[in-house]
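**Student:** sequence-free structure coming up:
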């Protein structure tokens, strides 16, 4: 990620501003505010604004007039109770706004989370920058043999080198042609006065899916936790997981109590079906259960044994 | 509206707190923060928190890194353009949270706006206060003869007095019976040790719909404008319109440029159908159009003439 | 539940209609279509329309052109996999529409599920019927001592009788006064020509929360499952649970494979936190774990032991 | 658009199926069901299922038990009233499901409409077809000089030919490299046994944005009208407008009364701001108003004069 000088200056100016407020304020998140946290080779996540803190969750749950006089431990207990029992509405009372720069194929996965507000940089209106995601060699993985949505081993040297060449050359060439078709210089004047220049809304179709785009993305804490539980998960594609991890870091600065409850009751949790639970009860009763007599199919059995840290 | 001493003290404590922040801050809204704006006889609206300001709308629309160096007039022009052309997503980048106390029949109308976050005080979990909405005599209106959803003239003295007596007596009696069925004193101990006391989740069903409830309600500026355009409208029921008016006051303190654009292009606007527009064009061409030859039905014709300030 | 003659005739007419369609059709649900399934003393649930079936879930998940040639067992396996791994979007491809008659206090709980379409009978526009929910004596429960949101033992005879008297008398009296204030007969003419009659939008505030209302309510299968997982749960209030149970019956007729997967992986499932899972692993390893050394607090420990069918 | 033989056979099989149903059924839409309506060079829109008809809007608005005995003209009047006054919830009671094949850059614009259910063909899981959108020469437009989001004149011959060559060559080459990197034949076996093959979730990033994708997309009639009012509009990009036009055709077959009301009150309507309305009133009063004395800025003035069919 390389910010231009004027972008860095704009960010510095925002970070330097200060005003008194009576709103809930979180110093640990103020320290991160506006800063671009680097993700992938050219991407970033920046916290632009936030509303609420751990106490705001508690106040909403109690529909209270003020902060009340309860102890911090009571507040934490309530937050953990709300998380454990999936009482989601108090978490919706906190809101956060990000500025994100990300490859288009990641953006397409991300946008499937519909309960958020989005303003994306418009390639219909403006010209995209010459920036593409090229994976680091250690992330160039083969197709998984067992999981159609997963990755296997890292590609060997020669094959990896060929892939990187193709990705780089194709992105560069298609971008060069995009610029040629547009026929606009930085000031918007024609590069070649003999040509009209293709409309931006058409020229963009020549770009590859690893081209970077950017957006403002705003959501509430409950929906952010849903996003993170799917995208910070080990089954998520690496290229979106790293965004989820950077965002997790900002959530931990922002609402440490809720973030800890999320880790315990959502991220680290497993859900056992009625059938799985029955097997666990039999095992705890001293019975030695095998898959064929478990009532579970093979896939469920393997999932259960993995959760229990046992070999099937 | 009468706050208890401890409620007033809690609000005062929140208003006295101050912390430095690098977030967008709006002094005019800070001045209103946490204060209970009285609505109806016992209700209120309080701004609990907010995110963003007029500039935040512009920054999201431009997906910008900072505040940019444009002039204020350019920002205002962009906001007005976005409002006029219903580009709603930049307005979604501002968020506001209210604490509202309101009669249950108003809450039931309000909740039909689904794009918001809500935490309501639970009468399943807690006991509601002895507070009911009783209209002021000048708002005791007869059924409209022409509009099944509207009000006509104010009720005459004797009939009004009888209505007020009924409303007061019924609300009081049903509340007294609610308390009797609950059989709990303020500390949660039985009032009458010989009785078990009915579950709160059941006893509440004896309350009348003018009993006050309260909730935290949070939404973004775009959806708030939708709410206000319906509920601050002359066709809205008076008892919800006064809430919309109090909220309009907070929006004008918060995002004055967007609020002005909303007034011009939404609140004060009229939509003309293709057929209505054709009539206006004919009239501007000097033709004297009558309803039968207008192509509009009577109701549409009346609506158009009203918009144009003419007699049909 | 007593339908009027004309209502029963209208329902019979709808049930008698038949047209050929190329859409997915489910005979077991057609058999229930339009019929009012009685709930509580005057309420009902009616399926008005539906879109999709078990196969529609599979086709959407595969984005397929037709039904494909896979075996039924493959389809069931896929549906169970989608449910287990919370791939929710294919379930959103089925839609169902209900007509529900329910007490207002139940409607207020129900409406908290925001991802649905609702048209409620308007007491601003029309006059509500004289129908109130009065619990059967066996559902008149005392407040739970241990759970602020729960019920305890059934009320004893004298106290129960007093509660029923109060509920009946108050609902009847407030309804009579509602009618008096309205001053309208069935044809809309004044009952007492010397009075103007209070506007409907005001008179309704005198009704108690056990008055019945009704609405059309439409949602997709994923959100319906969310609704049922909360409202068909043992912790839900009895008066909404019976609606959820009637709807579960319609879902089992409609999408039997998805409904079975829902029962196994959602309704009958338990979620174990990271800490709970660690305890289960220790116990399976032969260790005898007690609460103080479990790392769980008392409430979590009790929840875990209950799930495992053990005494703490 | 060229369907494979097996796709055509699957569609034919669906169209041939027939079952009796008591649900509302629309013969004109049944005639279109499942058929692929061609859009652009390889895309299509197919109606997969629908719920409700014109009468269903009316029944929901009335929360009725049956079809009632009103005349068709009364129903039409109510639908037009609901549309004119933006009572949107009854329109939400109709639902439609499409299967759409479309270029990725169109899909990215489309997905900004969040109130819909979507299942997209997964390029993480499967391999995309070799199909790209290449505009017909008459749609290869230059950038508009006056509107940054618009198109100007059609490109001249030589420039157009060059653009078409670039688009074709780049899409073909990047697709060929996609296939090479995947190293899978149709049966999933390696094309070149000496290579591992890049994971599908990575290889897809080399595709250009005119590659076709497909999805199931389901929404209610109210949200569909919102979609169509933006995307069937003259300001929409041609490549999405043609999809909106194909869908409009299906809506006219499905709910002709609602579709006609939509045309009159939404598509053909104009909204006049308070300031614009004041100008119209002055003009109707015989005054000759000019922009400087109108109180409108130049852009608003031009918009108003265009609406009124006058030269500014």
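**Tutor:** Received the coordinates, thanks. Computed from a prediction, not measured in an experiment: that's the story for all the values here. Numbers count the residues shown, from 1 in each chain, chains lettered A, B, ... in the order given.
**Student:** residues contacting residue A:37?
**Tutor:** For residue A:37, the contact set (Cβ atoms under 8 Å, 6 or more residues apart in numbering or on different chains) comprises A:44-46, A:246, A:249-250. Any C-beta I mention is one placed from the backbone N, CA and C, and that applies to glycine too.
**Student:** partners of it in the sheet?
**Tutor:** Assessed by DSSP bridges, residue A:37 has beta-bridge partners residue A:45.
**Student:** Tell me which residue of the stretch 201-312 of chain A lies closest to chain B.
**Tutor:** Proximity of the stretch 201-312 of chain A to chain B (Cβ to the nearest Cβ) peaks at residue A:216, 4.6 Å away.
**Student:** So what are the sheet partners of the helix or strand harbouring that residue and their directions?
**Tutor:** For residue A:216, the host element (DSSP states H and E) is strand A:212-220. Using DSSP bridges, strand A:212-220 pairs in its sheet with strand A:95-103 (antiparallel), strand A:117-120 (antiparallel).
**Student:** Identify, out of the ones you listed, the most deeply packed stretch.
**Tutor:** strand A:95-103 (a mean of 25; mean count of other Cβ atoms under 10 Å in any protein chain shown).
**Student:** next SSE after it?
**Tutor:** Sequence-wise, the next helix or strand downstream of strand A:95-103 (DSSP H and E) is helix A:104-110.
**Student:** now check that following helix, is it near chain D?
**Tutor:** Yes. For helix A:104-110, a contact with chain D is found by Cβ under 8 Å from any Cβ of the partner chain, at A:104-105, A:107-109.
**Student:** which of these sit farthest apart?
**Tutor:** Spanning the widest gap among those are A:104 and A:109, at 10.1 Å by Cβ to Cβ.
**Student:** who has more neighbours, these two?
**Tutor:** Taking other Cβ atoms under 10 Å in any protein chain shown, residue A:104 and residue A:109 do not tie; residue A:104 has more neighbours (23 against 19).
**Student:** Could you check the pLDDT of the more buried one?
**Tutor:** Per-residue confidence at residue A:104 stands at 98 (pLDDT).
**Student:** Contact partners for it?
**Tutor:** Residue A:104 neighbours (Cβ under 8 Å, 6+ apart): A:207, A:209-213, D:108, D:209.
**Student:** Now for the most centrally placed residue in chain A: which residues touch it?
**Tutor:** Nearest to the mean C-alpha position of chain A, counting by Cα atoms, centre = their mean, stands residue A:244 at 3.2 Å. With contact taken as Cβ under 8 Å, 6+ apart, residue A:244 is in contact with A:227-228, A:231-232, A:236.
**Student:** These in helices, which ones?
**Tutor:** Within these, residues falling in helices by DSSP state H are A:227-228, A:231.
**Student:** which parts of stretch A:178-198 are buried?
**Tutor:** Buried residues in stretch A:178-198, counted by 16 or more other Cβ atoms under 10 Å in any protein chain shown: A:178, A:180-184, A:195-198.
**Student:** Quick check: of the residues you listed, which lies closest to residue C:94?
**Tutor:** Checking the buried residues of stretch A:178-198 against residue C:94 by Cβ to Cβ gives residue A:178 as the nearest, at 41.8 Å.
**Student:** what about that closest one, distance to chain C?
**Tutor:** 29 Å (Cβ to the nearest Cβ, to the nearest Å).
**Student:** did I read that right, that residue in a strand?
**Tutor:** No. Counting by DSSP: H, G, I helix; E, B strand; the rest coil, residue A:178 falls outside a strand, being helix.
**Student:** before we move on, back to that, output the contacts of residue A:104 as a markdown table; include the columns pLDDT and neighbour count.
**Tutor:** Formatted as a markdown table, the contacts of residue A:104 follow (pLDDT from 0 to 100; neighbours: other Cβ atoms under 10 Å in any protein chain shown):
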| residue | pLDDT | neighbour count |
| --- | --- | --- |
| A:207 | 98 | 24 |
| A:209 | 98 | 23 |
| A:210 | 98 | 26 |
| A:211 | 98 | 25 |
| A:212 | 97 | 24 |
| A:213 | 97 | 23 |
| D:108 | 97 | 20 |
| D:209 | 98 | 23 |
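**Student:** For the residue lying farthest from the centre of chain A, I want the exact helix or strand it lies within.
**Tutor:** In chain A, residue A:194 marks the outermost C-alpha relative to the chain mean, sitting 45.2 Å out by Cα atoms, centre = their mean. Per DSSP H and E, residue A:194 falls between elements, in no helix or strand.
**Student:** Let me see the domain layout of chain A.
**Tutor:** Annotated domains of chain A cover A:1-130+A:211-269, A:134-209, A:274-308 [automatic domain parsing].
**Student:** so how far is the first one from its chain's centroid?
**Tutor:** In this view, domain A:1-130+A:211-269 has its centroid 9 Å away from the chain centroid, taken as Cα atoms, centre = their mean, to the nearest Å.
**Student:** again with the second one
**Tutor:** Between the mean C-alpha point of domain A:134-209 and the mean C-alpha point of its chain there is a distance of 22 Å (Cα atoms, centre = their mean).
**Student:** start to end distance for that domain?
**Tutor:** With Cα to Cα, to the nearest Å as the measure, domain A:134-209 spans 11 Å from end to end.
**Student:** Distance-wise, check residue A:170 relative to residue D:309.
**Tutor:** For residue A:170, the distance to residue D:309 (Cβ to Cβ, to the nearest Å) stands at 50 Å.
**Student:** Show me which of these two is the more surrounded one.
**Tutor:** Shown here are residue A:170 and residue D:309; by other Cβ under 10 Å, residue A:170 has more neighbours (24 against 12).
**Student:** Spit out the contact partners of residue A:20.
**Tutor:** B:18-21, B:25, B:30.
**Student:** Between which two of those residues is the distance greatest?
**Tutor:** Within the contacts of residue A:20, B:20 and B:30 form the most distant pair, 12.8 Å apart (Cβ to Cβ).
**Student:** between those two, what contacts are shared?
**Tutor:** Jointly contacting residue B:20 and residue B:30 under the rule Cβ under 8 Å, 6+ apart are A:20-21.
**Student:** Redo the contacts of residue A:244 as a markdown table? Include distance to residue B:174, pLDDT and neighbour count.
**Tutor:** What follows is the contacts of residue A:244, written out as a markdown table (distance: Cβ to Cβ, whole Å; pLDDT from 0 to 100; neighbours: other Cβ atoms under 10 Å in any protein chain shown):
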| residue | distance to residue B:174 | pLDDT | neighbour count |
| --- | --- | --- | --- |
| A:227 | 45 | 97 | 21 |
| A:228 | 47 | 97 | 22 |
| A:231 | 51 | 94 | 22 |
| A:232 | 51 | 93 | 20 |
| A:236 | 54 | 94 | 19 |
